[in-house]
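K.L.:
Sequence and predicted structure are below.
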Amino acid sequence: MPVVSEIRLDDLRGPEIAALLQEHLDDMKLHSPPESIHALDLEKLRRPEITFWSLWQDGELLGCGALKRLDATQGEIKSMRTSHRHRRKGVAATMLQHILDEAKQRGYQRLSLETGSPAAFAPARELYARFGFRYCGPFADYVDDPYSVFMTREL
């Protein structure tokens, strides 16, 4: 894992995070039709049930991730993204471990996520599997979608 100077609770107001999230949304559009994109924009990420973090090193944004409260015992991983300049350096693993630790601190018993099924999302699926996530059916408000894969993990 990289040396991360700081994992910040982020208010989503900085231009760096806006640019990274736009990169995320633009990338989703390359691989999934609009109705199959579940990435959240800045306003939706500011909802009270979502906690958002950013990873920084030497003043540079490396990546981000969020934890959405589904109920008292369950959370959902949202908006995991590594800057294209910092991929394959362990940034996503660092953020994922931070989210897992936070979910456990909150007393969640289960953590779930939705990611893409196309080949471009294979590295994400492999990362989640390494951290103990297993494939499952749709959860919360999701429905079966050929462009989505659902994964879950007991905590």
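P.N.:
Here it is on my side, so go on. Numbers count the residues shown, from 1 in each chain.

K.L.:
In three-state terms, how would the residue lying closest to E102 once chain neighbours are set aside be classified?
P.N.:
Counting by Cβ to Cβ, 6 or more residues apart in numbering, E102 lies nearest to L67, which is 5.8 Å off, once chain neighbours are set aside. For glycine as for every other residue, the C-beta is placed from the backbone atoms N, C-alpha and C. At L67, secondary structure determined by DSSP: H, G, I helix; E, B strand; the rest coil is strand.

K.L.:
L67 is in contact with Q74, isn't it?
P.N.:
No: taking contacts as Cβ atoms under 8 Å, L67 lies outside contact range of Q74: 10.8 Å.

K.L.:
ok, those two, which is more surrounded?
P.N.:
Neighbours per residue (other Cβ atoms under 10 Å) separate L67 from Q74, with L67 holding more: 23 against 18.

K.L.:
so the residue positioned nearest the centre of the chain is in which element?
P.N.:
Centroid-nearest residue in the chain, with Cα atoms, centre = their mean: M80, separated by 2.5 Å. Using DSSP states H and E, M80 maps to strand 74-82.

K.L.:
For the helix or strand of the chain with the lowest mean pLDDT, which outside residues touch it?
P.N.:
Ranking every helix and strand in the chain by mean pLDDT, DSSP states H and E puts helix 15-31 at the bottom, with a mean of 89. In this structure, residues lying in contact with helix 15-31 by Cβ atoms under 8 Å, 6 or more residues apart in numbering are 10, 12, 37, 39, 41-42, 45, 54, 61, 63-64, 79, 81, 83-84, 116, 118, 120-121, 147.

K.L.:
and after that helix, which helix or strand comes next?
P.N.:
Next helix or strand after helix 15-31 toward the C-terminus (DSSP H and E): helix 42-45.

K.L.:
can you pull the buried residues of that next one?
P.N.:
For helix 42-45, a neighbour-count test (16 or more other Cβ atoms under 10 Å) marks L45 as buried.

K.L.:
now swap in stretch 38-51 and tell me
P.N.:
Across stretch 38-51, burial judged by 16+ other Cβ under 10 Å covers 38-40, 45, 50-51.

K.L.:
could those residues be laid out in TSV, adding pLDDT and distance to R130?
P.N.:
Formatted as TSV, the buried residues of stretch 38-51 follow (pLDDT from 0 to 100; distance: Cβ to Cβ, whole Å):
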residue	pLDDT	distance to R130
H38	88	22
A39	85	22
L40	87	24
L45	95	26
I50	98	25
T51	98	23
